[in-house]
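Participant: Pasting the sequence and the predicted model now:
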Amino acid sequence: MAQKPKDDPATYPALGRMLTWVDKKGSDKKIVWALGIACVIVFLLDFTYDKYGHFQVEYVRGFYAFYGFVMFTGLILVAKALRFFIKRPEDYYGDKAIDTEEYPKDQLDIRGNTDV
Amino acid sequence: MFDVIPTAFIFFVAAAILLTLPKGNLRGLLLLIIPIIAAMQVWNAGFGSFAQIGFFGFELELMRIDGLSRIFTLVFCLAAFLGNLYAWHVRDTVQQIAALLYAGSAIGATLSGDMITLFFYWEGTAIASVFLIWARGTEGAYHTGMRYLIMQVASGVILIAGVALFYRETGTIAFDRMTLGSPGTWLIFIAFGIKCAFPLLHNWLQDSYPAATVTGTVILSAFTTKLAVYALARGFAGTEILIYIGTVMTLFPIFFAEIENDLRRVLAYSLNNQLGFMVVGIGVGTELALNGTASHAFAHILYKALLFMSVGAVLYRTGTSKASELGGLYRTMPKTAIFCLVGAASISAFPLFSGFVTKSLTLTAVAEEHRTIIWLCLVFASAGVLSHSGIKIPFFAFFAHDSGLRPKEAPTHMLWAMGITAFLCIAIGVYPAPLYAILPYELHDAHPYTMGHVVGQLQLLLFALLAFAFLYRKGIHPPEIRAVNIDTDWTYRKAGPAVIYWLSWVISSIYNWIVGLLVNTTSRTIKRLYNSHGPEGRMARNWPTGAMVLAIAVLLGATLLVNFLV
Amino acid sequence: MDTSTALYLTMLIPTVAMAGNMVFADRENLRDGITFLCAVLTFAYVLVILCNVGNGTTAELRLFEVVSGLSIAFHVEPLGLMFALIGSGLWIITHIYGVGYMRGNNEQHHARFFACFSIAIAAVMGIAFASNMFTLFVFYEILTLSTYPLVAHKGTPEAVKGARTYLGILIGTSIALLLTGVIWTFTIAGTLDFTKGGILEGKITPTLLPVLLGLYAFGIGKAALMPFHRWLPAAMVAPTPVSALLHAVAVVKAGVFTMLKVGIYIFGIDFLASTGASEWLMWLAAYSIIAASVVAMTKDNLKARLAYSTVSQLSYITLGMALATSMGALGGGMHIAMHAMGKITLFMCAGSIYVAYHKTEISQMQGLGRIMPITFGAFLIGALSIIGLPPLGGSWPKFLLMLGAADAGHLIIIGVLMVSSLLNIAYLLPVVGRGFFRPATDSKLPKTFAEAPLLVWLPPAITAVGCIVLFFYAGSIQNFLLPIVSN
């Protein structure tokens, strides 16, 4: 996203500046690759020890990996489909809900550049 | 009578003292010291029943400390301390008093040894907590508070009705393990179920917690639902149906959480899902399972508070907690971002974080009972936790696309509150022995860090993360959009009022018609009767003198009545 | 002092207060002082009677016999004594409040007002200590007549119309139905004395029993059982002290008190239970509880809302009697005390708001809580007590009524009680919620603390504390009332 002129990374806290690495070009690829490698490692680790469990599936090597990936994908897809049924405009409940209200400013301490 | 001052009273007295103090740091200090005093009192008291009193013909037990009530009391004190530290900046007397009374009531309920006392404190939590919602001061918060209060008090009146029936069934009001079956026990069970946010009774939670103040939500998140978990563990351990209820509870919220925009509501759904794990543990009811529930509640209160704190800090600095408006905040709020990540890792049960060492107890307990389907559901739900609390909260608030917001880092006291909580989350994960030592039952050979556990859990989480990376980069992951999702609350916020409106219109029309008809007929009849039978009528000659007095009285009365009804 | 003298004095002193008000009509401080003194003395003599309970003094006072078997007579029994304690005790507080209200609000005709007020209290004492239905009936009518000028006090067409409804329904029902019932009872039983276990057993065919009960239930219009409840909202045109003491405590409680007396001492709880004659009344009371609450929700005028709330709450007591179990009767009896304390608080708060800012509609009271925190705090406590939440007195009678319903095997009644609590929240707490947590809509209101006059906000604060105190003394009240149901 384009940075605004007055957005100067030098004003970030030191910790924040260090973390900006994640938004550097190419960092996202590196992160995904690292994740992929980690996945391969834990998958392979499954073959290095004697399995023990209460259910038969627990003895299947890589069961958790498979189950995690498939069920997570399924969850996202089902949730996305669910949105089709239950999504309503933000002011659906009118003034009887907080969804469209501003949070009272006098109870907050909004500081820093919050212009979007 | 009292060997010690009941712990709850410490909070109530403190609330009175607080009123006399000037607004400022002195009050903040009091709010921090009281939970410490309370925790020390409970810790030093040992096990036993320390405050009994005869009241209204009942023998009330105000201070029953045993393994189960002690761990819940301690974590409630801890949560009160952290919540009050987080709320150091708040100068609103109402919120401060409410926080004290609320924590005191929750602790009082936990320590009560009979169900009358339980009822008192049960309603106490309801009344005190609503002020944390109303304190926001907006129209929406007012309405939400009313809905919340009615739900909570409904739970209370169902409880007292259940207790009344139970007392008549068994002749006792002792709060101990019950067998579900009679009307009394069912009512008590449902009362607990409302506060525990059972499926279909759950929606007050997601409705109200996002409506509370920044600090109010942190405090709310700790007590009510965990009190209900405690009550179920005390009263209905080993009740089969809880296993199924709990399983459904772990599952359905994860779908709703995934597509919810308000991050505090996402956390409320997530809370509901976490309660599911505890309820399953109660349903299994073995010592290991109850240990799992208790330890999970302990760890959960901490990491859930941490997550609510971090999102609250964002709200405090930006004015919004909606995912669609946020993103990229790590630049200027890096500490909050890191604390949030710790909370996310804990709730997702990454090894070395608190969720891992507590949730595994429950899962093991379920596995030992060889309930395959339940176990598979719970493992799936664990992956689901990662999706909303582990990924969605930190990712869409602090990373993802840059919203352009550059808020200042959270205030120091909030950072301290989050820091301490985050430290505890990691400490429990790394060294669970102290937590294991205060569980209700002795824990035999608990070794969460076996190769199988660690690798299995890492596989589950890392591959789920991989799936997320894949879906997100392909644009399949549902985007964050400004919208609300209807849930069961639709029935009483939309459908119910519409039906009532329609019904009242029908009834009032019919009523008016009938009344009109009646009044017309009677007044006509009376006029006719009066003309013929009245004192001046021609029938008056036939009156027997004895009945006359009575008849006149009746007639006069009736005339008067009609006269004034018309 | 022996009890019969004290009995005499409890009725005489309020009459003296009336005379004092009329004689010193123009000297307001002296006049109000005399009334205050009389109120304190009346309460003191009721306390004397309380202290005499159980020490063997005669607890009877027989004035004269009208015809054979019908006499004006008084005696002391727990229910009546409790009623007298509440009536006289709250009179003191209401008098202080009334003085503050009438002066702060520039009302006219203070002397007439306080004179009628005093005579109403005398009538309440008569009702409380009546030892037979005839005496009770006489004082019941005196109470109606003495409160009529109070309702019509303002003299506006609206007030006159309200007072007409008030008098019409109360006199109408009492003559057409109650008197009929009393005469009938006298004819078949030969006596009207309040007797433990009732006087009707074996003297009336069970099929006619529900009819006779109906004559009483509807004839006692002051109990505001639907559909004879309209007088109560109509009476709200009266100045608030009247609404507070008379239409939340004295008059309406005289109604339900009579209802309980009739149920316990004329019919007999066991007789009602064995014949099932009161079952229809139980359902009607349950209906009244719910329906009046629903109506209350639709009212924006605070006093009207409180009036319908009273209609609903009075039916708790009728319900307690109609359950025909000892726990129900006890719960009903205790509710007389608990509701009195809670509802008088609410009415006095409503008056306080009116005196200070002339607001009558709930929608206009938004934001007033921050300005009048004591009044609204007291309102909150009173409301929570009415709802039946701990640690306030109102929670106990609900529990007893639930036990009573459980004993009678009526689970639906338990459900009614639960729903009623929730409805109470829905119509009472918006006043507090909006008052404290929403900004004021009226820009003319002050921005900071600005309460009503001291004499106006102090009394509700006292009764609010009373609600809390009653919670802890409920056990004593229960033990005190126990003789009315135990054999």
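Facilitator: Yep, that arrived.

Participant: Around chain C, which positions in the stretch 101-250 of chain B sit nearby?
Facilitator: Counting by Cβ under 8 Å from any Cβ of the partner chain, the stretch 101-250 of chain B comes close to chain C at B:119-120, B:123-124, B:126-127, B:134-137, B:139, B:141-142, B:145-146, B:149-150, B:153-154, B:156-158, B:160-161, B:164-165, B:167-168, B:183. For every residue, glycine as well, the C-beta is placed using N, CA and C.

Participant: what about 7 Å?
Facilitator: B:120, B:123-124, B:127, B:134-135, B:137, B:139, B:142, B:145-146, B:149-150, B:153-154, B:157-158, B:160-161, B:164-165, B:168, B:183 (Cβ under 7 Å from any Cβ of the partner chain).

Participant: Show me which of these are buried.
Facilitator: In terms of neighbour count (16 or more other Cβ atoms under 10 Å in any protein chain shown), the buried residues within these are B:120, B:123-124, B:127, B:134-135, B:137, B:139, B:142, B:145-146, B:149-150, B:153-154, B:157-158, B:160-161, B:164-165, B:168, B:183.

Participant: tell me the contacts of the closest residue to residue C:415 other than its chain neighbours?
Facilitator: Nearest residue to residue C:415, sequence neighbours excluded (Cβ to Cβ, 6 or more residues apart in numbering or on different chains): residue B:161, at 7.9 Å. Shown in contact with residue B:161 (Cβ atoms under 7 Å, 6 or more residues apart in numbering or on different chains): B:187, C:402, C:414, C:418.

Participant: Out of these, who's the most crowded?
Facilitator: Within the contacts of residue B:161, most neighbours by other Cβ atoms under 10 Å in any protein chain shown means residue C:402, with 27 neighbours.

Participant: that's a helix at it, yeah?
Facilitator: Yes: assessed with DSSP: H, G, I helix; E, B strand; the rest coil, residue C:402 lies in a helix.

Participant: what does chain C put close to chain B?
Facilitator: Counting by Cβ under 7 Å from any Cβ, the residues of chain C near chain B are C:164-165, C:168-169, C:171-172, C:175-177, C:179-180, C:183, C:384, C:389-391, C:396, C:399, C:402-403, C:406-407, C:411, C:414, C:418, C:421-422, C:425-426, C:429-430, C:433-434, C:437-438, C:474-475, C:478.

Participant: Make a PyMOL selection of whichever of these turn out to be buried.
Facilitator: Typed into PyMOL, the line below selects the buried ones among the residues of chain C next to chain B, using 16+ other Cβ under 10 Å:
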select buried, chain C and resi 164+165+168+169+171+172+175+176+177+179+180+384+389+390+391+396+399+402+403+406+407+414+418+421+422+425+426+429+430+433+434+437+438+474+478
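
Participant: Okay, and which of the residues of chain C next to chain B map to helices?
Facilitator: C:164-165, C:168-169, C:171-172, C:180, C:183, C:384, C:396, C:399, C:402-403, C:406-407, C:411, C:414, C:418, C:421-422, C:425-426, C:429-430, C:433-434, C:437, C:474-475, C:478 (DSSP state H).

Participant: ok, which stretches of chain A are strands?
Facilitator: Under the criterion DSSP state E, strands of chain A are mapped to A:87-88, A:112-113.

Participant: So which of these is nearest residue B:367?
Facilitator: Evaluated over the strands of chain A, closeness to residue B:367 peaks at strand A:87-88, with 37.6 Å, by Cβ to Cβ.

Participant: does residue C:73 count as helix, strand or coil?
Facilitator: strand.

Participant: ok, it to chain A distance?
Facilitator: Residue C:73 sits at a distance of 59 Å from chain A (criterion: Cβ to the nearest Cβ, to the nearest Å).

Participant: which residues touch that residue?
Facilitator: C:61, C:62, C:63, C:131, C:132, C:135.

Participant: now with 10 Å?
Facilitator: Residue C:73 makes contact with C:60-65, C:129-132, C:134-135, C:192-194 under the criterion Cβ atoms under 10 Å, 6 or more residues apart in numbering or on different chains.

Participant: Flag the shaky bits of the chain, pLDDT-wise.
Facilitator: You didn't say which chain, so I picked chain A. Across chain A, the ranges flagged by pLDDT under 70 are A:1-6, A:113-116.

Participant: that's the other chain; I wanted chain B
Facilitator: Using pLDDT under 70, chain B drops low at B:1, B:530, B:532-566.

Participant: Do a quick rundown of the strands in it.
Facilitator: Using DSSP E, the strands of chain B run over B:48-49, B:52-55, B:58-61, B:64-65, B:406-407, B:484-485.

Participant: Contacts for the second one next, please.
Facilitator: So the one you mean is strand B:52-55. B:1-3, B:6, B:59-64, B:113-114, B:116-117, C:471-472, C:474-475.

Participant: do that again at 8 Å, thanks
Facilitator: With Cβ atoms under 8 Å, 6 or more residues apart in numbering or on different chains as the test, strand B:52-55 has contacts from B:1, B:2, B:59, B:60, B:61, B:62, B:116, C:475.

Participant: Then stretch C:145-158?
Facilitator: With Cβ under 8 Å, 6+ apart, stretch C:145-158 has contacts from C:107, C:109, C:112-113, C:116-117, C:119-120, C:123, C:159-160, C:162-163, C:166-167, C:234-235, C:237-239, C:242, C:246, C:251.

Participant: just to revisit the earlier point, for residue A:73, which of the strands of chain B is the nearest?
Facilitator: Smallest distance to residue A:73 across those (Cβ to Cβ): 21.0 Å, for strand B:484-485.

Participant: Is the top helix by length along chain A positioned near chain B?
Facilitator: Longest helix in chain A, counting residues (DSSP H): helix A:63-86. Yes: using Cβ under 8 Å from any Cβ, helix A:63-86 reaches chain B at A:63-69, A:71-73, A:75-80, A:82-83, A:86.

Participant: Ok, which of the strands of chain A comes nearest residue C:328?
Facilitator: strand A:87-88 (47.2 Å).

Participant: Remind me what that closest one packs against, helices and strands.
Facilitator: Judged by 3 or more Cβ pairs under 8 Å, 6 or more residues apart in numbering or on different chains; DSSP states H and E, strand A:87-88 is in contact with strand B:484-485.

Participant: contact partners of the strand it packs on?
Facilitator: A:83, A:86-90, A:92-93, A:97, A:99, B:256, B:259-261.

Participant: who does it pair up with?
Facilitator: strand A:87-88 (antiparallel) (DSSP bridges).

Participant: I'd like to check what contacts the strand it pairs with. Which residues are they?
Facilitator: Residues outside strand A:87-88 that contact it (Cβ under 8 Å, 6+ apart): B:259, B:483, B:484, B:485, B:486.

Participant: mind redoing it with 7 Å?
Facilitator: B:483, B:484, B:485, B:486.

Participant: Using JSON lines, please lay out these together with neighbour count.
Facilitator: Converted to JSON lines, the contacts of strand A:87-88 look like this (neighbours: other Cβ atoms under 10 Å in any protein chain shown):
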{"residue": "B:483", "neighbour count": "17"}
{"residue": "B:484", "neighbour count": "20"}
{"residue": "B:485", "neighbour count": "22"}
{"residue": "B:486", "neighbour count": "17"}
